[in-house]
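**Student:** based on what follows, work out the 3D shape:
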Amino acid sequence: MQHSAVSRTSIVLASTVMVCAALAWAAGILTPLVLALFLTVLIDSFARFLQRHAPFLPGWADLPLALLISTIGFSLTLWVVVNNAAAFSAQLMTDAPRLNRALVQVAAIAGVQTPPTVEALINQMNLAHYAGDVAKALQSFGSGAVYVFIYTGFLIASRQGLMRKVVALWPNSAERRRAVDVFSRIRDGVERYLWIQTVTGAAIAVMSWALMASMGLDNAAFWAFLIFVIVFIPVVGGLIAAILPPLFALVQFATLWQPVALFCGLQIILFVVGSIVLPRMQRDGLNIDPVVVLLSLAFWGALWGLPGMFLSTPLTVTGIIILAQFDNSRWIAVLLSGDGKPESGPVSSIKSSRAEPAV
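**Tutor:** Residues are numbered from 1 along each chain as shown. Prediction:
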């Protein structure tokens, strides 16, 4: 049947709305699975790194060793954050006089005659009222993390038969080679995203640590570590990283010039790396337009919340690669890409792993 352009456009728009509604409705099921896929790619990339740089290891040891090191790294990260968060909470309780003095200074700048005290603010917050919501949020986070690790384990276990499934799905060698090229490009896109975020996050963390240590901020190393972790969330992570250390500097120092200088310094670091260096690296390494990064952050954040923000760039890169494979949707990939050539990204050579059969 021949459809007019208006009919085709209406069908596409209606289908897009339905898909978005389905993604939002199934967020509780899909977000752990997508996070597990992301984690599986990370562990698999680490295993292939060990294959290239540690040839003395036996063929069966690459993946278990990568899984062990990744688990230890994630556990240490969680332990450092939780342990220091508890220490900060205890320090805040003992620094109530300093907080009151800081509130007086801020109120004087704002023109408030009678500033509130910390005790009054805590009483007005009515923490008992939010205890149930906090408990539900922690329970949801814990159950989601369990699902992510379970999915990751099953995905790693099914890795052995992946290439045999590809052969069964695409018996023709040319079609199979094209499908594997697409999979490899998606995998390489996720790896490049991780590399770019790691390099820029490390640069921001090191420069932030140098600034905080030079100004005498307590726990500068922990703040630098926390900044390195949260900048993996595009845009939002940078905003959090620029606000938290100056707030604690406001508590620590008796004068205002240290928190103000720290805030300005962190803003400069985040602007240079996050607004100049990072977009250029994403454009060159991921072939994605910087404006699309912001739009994808808002889109996936609206659908899946914080996990969607974290996965927004890898999901968008994956979408660009898939859309570029079809003539009817290639124009969308062209608009989303950085240079108008969505197929211009490098494709890794298809090599058989020591744990997988060749195609």
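**Student:** element containing Pro55, please.
**Tutor:** Under the criterion DSSP states H and E, no helix or strand holds Pro55.
**Student:** from here on, count from 23
**Tutor:** Sure, I'll start numbering at 23, so the last one becomes Pro77.
**Student:** phi first, then psi, for it.
**Tutor:** Here is the backbone geometry of Pro77 (degrees, to the nearest 10): phi -70, psi -10.
**Student:** give me the distance between it and Leu85.
**Tutor:** Computed as Cβ to Cβ, to the nearest Å, the Pro77 to Leu85 distance reads 15 Å. For the C-beta atoms, the positions are set from N, CA and C on the backbone; glycine is no exception.
**Student:** Leu266 now?
**Tutor:** Per Cβ to Cβ, Leu266 is found 37 Å from Leu85.
**Student:** ok, Val315 next?
**Tutor:** Between Val315 and Leu85 the computed distance is 32 Å (Cβ to Cβ).
**Student:** do the same with Asp210
**Tutor:** Asp210 is 19 Å from Leu85, where distance means Cβ to Cβ.
**Student:** again, but for Ile51
**Tutor:** 26 Å.
**Student:** which parts of the helix or strand where Ala263 lies are buried?
**Tutor:** In this assignment (DSSP H and E), Ala263 forms part of helix 258-274. Under the neighbour-count criterion of 16 or more other Cβ atoms under 10 Å, helix 258-274 has Gly259, Gly260, Ala263, Ala264, Leu266, Pro267, Pro268, Phe270, Ala271, Leu272, Val273, Gln274 buried.
**Student:** again with stretch 349-358
**Tutor:** Residues Ala355, Val356, Leu358 are the ones in stretch 349-358 that count as buried (16+ other Cβ under 10 Å).
**Student:** from those residues, which is closest to Thr38?
**Tutor:** Leu358 (14.3 Å; Cβ to Cβ).
**Student:** angle of the longest helix anywhere in the chain against helix 258-274?
**Tutor:** Taking DSSP state H as the criterion, the chain has its longest helix at helix 195-236. Calculated by axes from the mean of the first three to the mean of the last three Cα atoms, to 10 degrees, helix 195-236 forms an angle of 10 degrees with helix 258-274.
**Student:** got the angle between the next helix-or-strand element following helix 195-236 and helix 195-236?
**Tutor:** Per DSSP H and E, the first helix or strand lying C-terminal to helix 195-236 is helix 242-252. With the same axes, to 10 degrees defining the directions, helix 242-252 sits at 150 degrees from helix 195-236.
**Student:** quick one: mean pLDDT over helix 242-252.
**Tutor:** Helix 242-252 carries an average pLDDT of 84.
**Student:** quick check: which element contains Gly166?
**Tutor:** For Gly166, the host element (DSSP H and E) is helix 149-179.
**Student:** so for the chain, the centremost residue is which one?
**Tutor:** Centroid-nearest residue in the chain, with Cα atoms, centre = their mean: Phe332, separated by 3.2 Å.
**Student:** OK, contacts around the closest residue to it other than its chain neighbours?
**Tutor:** Excluding its sequence neighbours, the residue lying closest to Phe332 (Cβ to Cβ, 6 or more residues apart in numbering) is Ile255, at 5.5 Å. Counting by Cβ atoms under 8 Å, 6 or more residues apart in numbering, Ile255 touches Ile262, Leu328, Met331, Phe332.
**Student:** out of those residues, list just those in helices.
**Tutor:** Those of these mapping onto helices are Ile262, Leu328, Met331, Phe332, per DSSP H.
**Student:** which one of those is nearest Met303?
**Tutor:** Phe332 (18.2 Å).
**Student:** pLDDT at the closest one, what is it?
**Tutor:** pLDDT, Phe332: 82.
**Student:** one more: the one 10 residues further on?
**Tutor:** Confidence per residue is given as pLDDT, and for Ile342 that number is 86.
**Student:** distance of the closest residue to Ala227 other than its chain neighbours from Leu266?
**Tutor:** Excluding its sequence neighbours, the residue lying closest to Ala227 (Cβ to Cβ, 6+ apart) is Phe250, at 3.8 Å. As for Phe250, its distance to Leu266 is 13 Å (criterion: Cβ to Cβ).
**Student:** if we can go back for a sec, for Thr222, state which of the buried residues of helix 258-274 is nearest.
**Tutor:** Ranked by distance to Thr222 (Cβ to Cβ), those are led by Gly260 at 10.0 Å.
**Student:** which residues touch that closest one?
**Tutor:** Ile226, Val253, Leu292, Gly296.
**Student:** mind doing that once more with 10 Å?
**Tutor:** Applying Cβ atoms under 10 Å, 6 or more residues apart in numbering to Gly260 gives the contacts 223, 226, 249, 252-253, 288-289, 291-293, 295-297, 300.
**Student:** check Trp326 too.
**Tutor:** Residues near Trp326 by Cβ under 10 Å, 6+ apart: 45-46, 48-50, 52-53, 56-57, 332-334, 337.
**Student:** swap the cut-off to 7 Å and go again
**Tutor:** Trp326 sits next to Ala49, Thr53 when contact means Cβ atoms under 7 Å, 6 or more residues apart in numbering.
**Student:** now it: which helix or strand?
**Tutor:** Using DSSP H and E, Trp326 falls in helix 312-345.
**Student:** how about Leu300, nearest residue that isn't a chain neighbour?
**Tutor:** Thr222 (4.9 Å).
**Student:** where does this structure have low pLDDT?
**Tutor:** 23-27, 107-165, 257-258, 365-381 (pLDDT under 70).
**Student:** kindly recompute the last result at 90.
**Tutor:** In the predicted model of the chain, residues 23-39, 41-46, 48-224, 227, 234-235, 237-285, 288-289, 292-381 satisfy pLDDT under 90.
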